[in-house]
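**Q** With the input below, show me the fold.
(chains A and B)
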Amino acid sequence: MNPAALIPTPDVLSVPWGWFYVLLMLTFLLHILVMNVMLGGGIIALISSFIGGEQNTLLDKEFGYKWPYTIAFAVNMGVAPLLFIQVLYGQFIYSSSVLMAVWWFSIFGLLILAYYGAYIYDFKFETLGSPRIFMLEFSVLILLFVGFMFSNNMTLMLQPEKWLAYFQNGGGTLLNLSDISLYPRYLHFVVGAVAVAGLFFALVAHFRFTKSAVNREFLIDQGMTYFTYATAIQIFIGFWFLLALPKNVMMVFMGGSSLATILLLIGIILGFSALYIGYKKQVILASIITLLTLIVMIFLRDLVRIAYLKPYFQLSDLVVEPQYSPLIFFLVVFAIGLALIGYMLKLAFGCRKEVTK
Amino acid sequence: MNYPVWELTTYGGGFLIALVAVVHVLVSHFAVGGGLYLIMLEKKAYKEDNAQLLDYVKKHSKFFLLVTMVFGGLTGVGIWWTIALLNPAATSSLIHTFVFGWAAEWVFFLTEIIALFIYFYTFGKMNRKNHLIIGWLYFISAWMSLFLINGIIGYMLTPGAWIENHNFWSGFFNPTFWPSLIFRTGISLTLCGVFGFVTAAFLKDEKLRQNIMRTCAAWVAIPFTLMIAGGWWYFQAIPEPAITMILEKSPEIANYLLLLTWVMPIFFIASMVMTIKLPNSLQKVFCFAIVGIALVYFGAFEFIREGGRRPFIIYDHMYSNQVFVKDVPEVQKAGFLTTAKWAKHKKVTDENMMEAGQDLFKFQCSACHSVDGPLNDIKPLVKKYDNAFGMDAKLNGLGKLNGYMPHFMGTREERWALANYIVSGLNHIDDMNMGNPVVEQKELPLTIPPFDKEKDEYVLLSWNDQAMHTVSDSSPYWIIQPPANNIFAQLVKRGDSPEIITAGVKISYQVEDGFEYPEKKVQFWNYANKLLGADLAPGVGMTGLKVSGTMQVEEDHHAFSAAAVPVVPYPEDGRFNPYPIFTITATDETTGEILATTKTVVPTSTEMGCKNCHGGGWKVAGVAGVTAETSLDVLAAHDKNSGTNLVEKAKNGEPMLCQSCHADSRLGTKGNPDLLNFSAAIHGWHANFLTDREGMQACVACHPSRPDGPTQSFRSHHAQFMDCTNCHGTMEDHSLSLLKKELEAGKKGAARLMENLKPRTVETVAEINPRTPWINEPDCLTCHVDFEMGSSTDAFNTWTEGAEGLYRNRHDQMEAMMCAACHSSPHAVYPATFNLLGENRDSIQPLQYQGNDRPIGNDCTVCHTVQPEFEGHHPNSLRL
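**A** All right, here's what the predicted structure looks like:
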């Protein structure tokens, strides 16, 4: 059977695909930032728990305050890119999701548990005492599992030739474990998350957003250390990932496409720069470099997707039946939303030293 | 069609989405209204300078955060997650149509989260005015989320003008948008009170607790009116046919409607009870009970709304099984498997039939039906189909007469594969004969009465006029036809000019041994009073006759008759014999001398195939009779489809004659003038399930003429080269001829039954000649023009003009002999050698009088002692 025949017919778009592409990239960047703090922060907190000591415990407590926020926002910021990817690549992601439906379905239930776990960890930090580590482990393991499922789906959706397995197993328990690029890809996300979360701790300390009594210098130092080590590992994993890609995809980044090759080179250079700046513990500069690296990596990730799907589909194939008024409506709502958020944050930060009345 | 389907079996049929959606709906509505509750109580606390109340509000806001943001937020994402797995095509359609609606909703979701975080974490730390502003921004954002989702959910039930113009705004501001928004806003506010009970119940201060309980009760009571008003408007705004589906048609919704009407007042009253000063321990229990009641209440509403969409997931746009409405004609033509991208087999073959059927089940049925699961389990629903024929018929009729399921989509072969999979694969019934055993021919002993051509002065001819007489042996529940065949006789005094004798003689009839006591074999006489409104003594038929007796003179016909002789096909030995033989004797009234004796078959069969589709198996000898199970299922189907209560009546000992409501000229019932006559109703209904059948396949599913069955009523020589459809038309054509007459008579039920029937013998319905059953029937002379050998075998669509033109009422051109006297009964006209109980059984009189099985008069000297020279009876009677 020809796997291309399995690809569903996509629905029509209301505005040209470029709009959705920009929104997808933008919102995915937001999601990845928050998700990294949520997951990487959990991993760092777990490592700190194992190491122990007063400051590490305070770091754990500090993270406890931040963790529920990050889950809330990681979920919220995940909604938008998932929406836009369904618009652009629905025929692929719906199909692969059904193939691994049992795992995929379990995600939101598990996330509820992880979320409550994080709240218990936060609200009952002192009451729980040292057994709180189980709560931490519980939620971090769930988040790691969820991430692994995402990596599975994001790779399975790109390979219709693997969909043929559905005819042997339609029960929704398939995964993409036979794909050798799955493992470096997943690790690339997890280790990257640790790096970004390390930077987050450093930023929190730098801007004095700490709530616990954790030592500021300790937090910056620790954060930047996690950042640097993770970035170093990340560079190795990045190369592993590149080499694990199917040859036709890999070659796109090895001269096959000049844009992809240049972008990869920029990414590598940025990675090494981040490593150096991290080693120097320059928080702000490291943050800027990291943000740039993430933007480049997101585009590289998308080029990988395009290369995988090249035999089957390109975004310009999508049919458009234009209706612009809903887009304008959204943009207006988006602007109002941002203004409201700005206003609310202003009120929130303005009240830090306010009296009750 | 387009997407793979998750094989869920047990947890299929929408179980997962129901699970996620019902809890989410409760919490998400609370998330909207709860914001206002917080602000109002916070304001009150400031106004009254009530620190205790303020403390309560803060605690409640923590509860609110944990319930709505964590559970509500994630189950909301979970619904999206779930529908994408269960119905990716519909999800994709909703996402693509409303992408910017969803995106805007995401913005409000974000502002909602930020506002709630700030509200909770700055409680007591922020300037009061600003804190209330944050609260208001939360409520507005949450309500805007409701506003946006409401438009999209409403669109699924009532897409309105979107169907035509595909405009975002037409779909969004659809016909139920505003009423639904009001209704849901009402729900949201009501739920604040419900969840308020929970947090209040755990307050230690009794006075504060009681105050808040009362406040919460008011929060339930006041928006309750808004909810009721919105709900009422909502129901008004749902257009046809969805509203009829909800209120009348859908079998699944009825229970939820009932639940809703019960739970609504309970919900209200239970909430008001909370105003009473109850012991705290009771309050703690009651508050959760009210949450439970609210869950049932709103769950029932959501089930009704979802059910109202049947058979669509997006009304008029996409069926529940992910097939676009616009694609159906192509699917019907090309086949489902060919057009379904994820089907394993593209064509049904004998080898892959089960797998293909399984695939068809997965793609077409599993969206709504689980297998052994808690929701809409397919197995009990199809349990009665003990054979693939019945299941196939059910699939054939899907979506035609009841709109809550879609049509079966695909070819005949695919439908057959699905039927086989359901019966054999799911219900593990594997009977090649479909419960209808092949009945071998078996010659029963028969003695032909003697006739001495030289000496005998009289020729006695006898026949019956209902050669396919069927008795529905289902009297405790209903009857279509009581035991009642009509026997006729003509007595001819032989001579140069034979004479028909109707005076001075007595003609008696006597059933063969073993059949004398029908009252011992069937329950008809126990229920005759209820069924016919007449008190019949056991063994006495509708006209007062028994299975043996004397015939009446029929002057108009120069004949004798015994009307409605209550013969049944059960001889003493427990077997099934549809052809009992009657002895007919002519006696001189004055002298008592026997003038002539003959025998004739008087058919009576209970081989009525209701069980082929209604389940229950055969009642007698494994081949005939309608069981209690079958009978009740027939009534249950009638009750379900026509809103009657026949099952209940039957169980209360009040069975009915079908023709008492549906008029019937044969039984002479007037019926209900608004309803279709019996023949039109029963054929028109079932034709929708039996389309495109070859030959007489559809006919023999119900009538006793199965070629290898125990009756095989069609036993004349015509059976060699014709079947039922040559004269009566195919099931569709036959039904259309009956329905068209009723349509012309203004019967409103006719159009519905005709809607999905396509004529087969002719091109259009306009070409079908309408007819009244039992009056306008096929005419022998359509083929036998001028009484010659038939030049065609196509007698459909030319009907006798009136009752006098019917074969059973007609005479020769001298108005002397009746057609049937010489040619025998309809369906068994001479030569009739295909009686499975013996080739001579239907030819007794020709054999007696002529020594052959040809029509009487084949040898003129049977009656004429001198060979006639002109054709007195009809042209070609002498074969000159």
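**Q** Let me know whether residue A:287 touches residue A:200 as I believe.
**A** No: the pair residue A:287 / residue A:200 is not scored as a contact, 9.1 Å apart, by C-beta atoms under 8 Å. (C-beta placed from N, C-alpha, C; glycine too.)
**Q** Just want to know which of these two has more residues nearby.
**A** residue A:200 (26 against 19; other C-beta atoms under 10 Å in any protein chain shown).
**Q** who are the neighbours in contact with the more buried one?
**A** Neighbouring residues of residue A:200 by C-beta atoms under 8 Å, 6 or more residues apart in numbering or on different chains: A:36, A:37, A:40, A:41, A:223.
**Q** What parts of the stretch 251-357 of chain A come near chain B?
**A** Within reach of chain B by C-beta under 8 Å from any C-beta of the partner chain, the stretch 251-357 of chain A has these residues: A:321, A:323, A:325-327, A:329-330, A:333-334, A:336-337, A:340-341, A:344-345, A:347-348, A:350-352, A:354, A:356-357.
**Q** Using ChimeraX, make a named selection holding only the buried ones among these.
**A** Command for ChimeraX, covering only those of these found buried under the criterion 16 or more other C-beta atoms under 10 Å in any protein chain shown:
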select /A:323,326,327,329,330,333,334,337,340,341,344,347,348,351
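**Q** neighbours around the closest residue in space to residue A:107 that isn't next to it in sequence, how many?
**A** Distances taken as C-beta to C-beta, 6 or more residues apart in numbering or on different chains place residue A:146 nearest to residue A:107, at 5.4 Å, with adjacent residues excluded. Counted with other C-beta under 10 Å, the neighbours of residue A:146 add up to 20.
**Q** Count the residues that sit near residue B:348.
**A** As a burial measure, residue B:348 scores 26 neighbours (other C-beta under 10 Å).
**Q** now do residue A:290
**A** The burial count for residue A:290: 25, using other C-beta under 10 Å.
**Q** now do the one 3 residues further on
**A** Counted with other C-beta under 10 Å, residues neighbouring residue A:293 total 23.
**Q** Pull out the buried positions in the helix or strand hosting it.
**A** In this structure, residue A:293 sits in helix A:283-309 according to DSSP states H and E. By 16+ other C-beta under 10 Å, the buried positions in helix A:283-309 come out as A:283, A:286-287, A:289-290, A:293-301, A:303-309.
**Q** mean confidence score for the host helix or strand of residue A:218?
**A** Here residue A:218 sits within helix A:216-244, counting by DSSP H and E. For helix A:216-244, the mean pLDDT works out to 97.
**Q** on contacts alone, who are the packing partners of it?
**A** If you count contacts as 3 or more C-beta pairs under 8 Å, 6 or more residues apart in numbering or on different chains; DSSP states H and E, helix A:216-244 packs onto helix A:17-51, helix A:54-99, helix A:182-206, helix A:258-279, helix A:283-309.
**Q** could those go into CSV alongside mean pLDDT?
**A** Output for those, formatted as CSV (pLDDT from 0 to 100):
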stretch, mean pLDDT
helix A:17-51, 97
helix A:54-99, 96
helix A:182-206, 97
helix A:258-279, 96
helix A:283-309, 97
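**Q** In contact with residue A:115: list those residues for me.
**A** A:68, A:71, A:72, A:75, A:139, B:70, B:74.
**Q** Correction: the previous question concerned residue B:810.
**A** Contacts of residue B:810 (C-beta under 8 Å, 6+ apart): B:804, B:818, B:819.
**Q** repeat that for 7 Å
**A** B:818, B:819 (C-beta atoms under 7 Å, 6 or more residues apart in numbering or on different chains).
**Q** for residue A:235, same thing?
**A** Contacts of residue A:235 by C-beta under 7 Å, 6+ apart are A:271, A:275.
**Q** Helices - which of the residues of the stretch 251-357 of chain A next to chain B land there?
**A** A:325-327, A:329-330, A:333-334, A:336-337, A:340-341, A:344-345, A:347-348, A:350 (DSSP state H).
**Q** in the helix or strand encompassing residue A:117, what's buried?
**A** Assigned by DSSP H and E, residue A:117 belongs to helix A:101-123. For helix A:101-123, a neighbour-count test (16+ other C-beta under 10 Å) marks A:101, A:103-105, A:107-108, A:110-112, A:114-122 as buried.
**Q** Check stretch B:745-757 too.
**A** B:747, B:749, B:750, B:753, B:754, B:756, B:757.
**Q** Let me see the confidence value for residue B:375.
**A** In this model, residue B:375 is scored at 89, pLDDT.
**Q** Low-confidence stretches in the stretch 101-250 of chain B?
**A** Applying pLDDT under 70 to the stretch 101-250 of chain B flags no residue at all.
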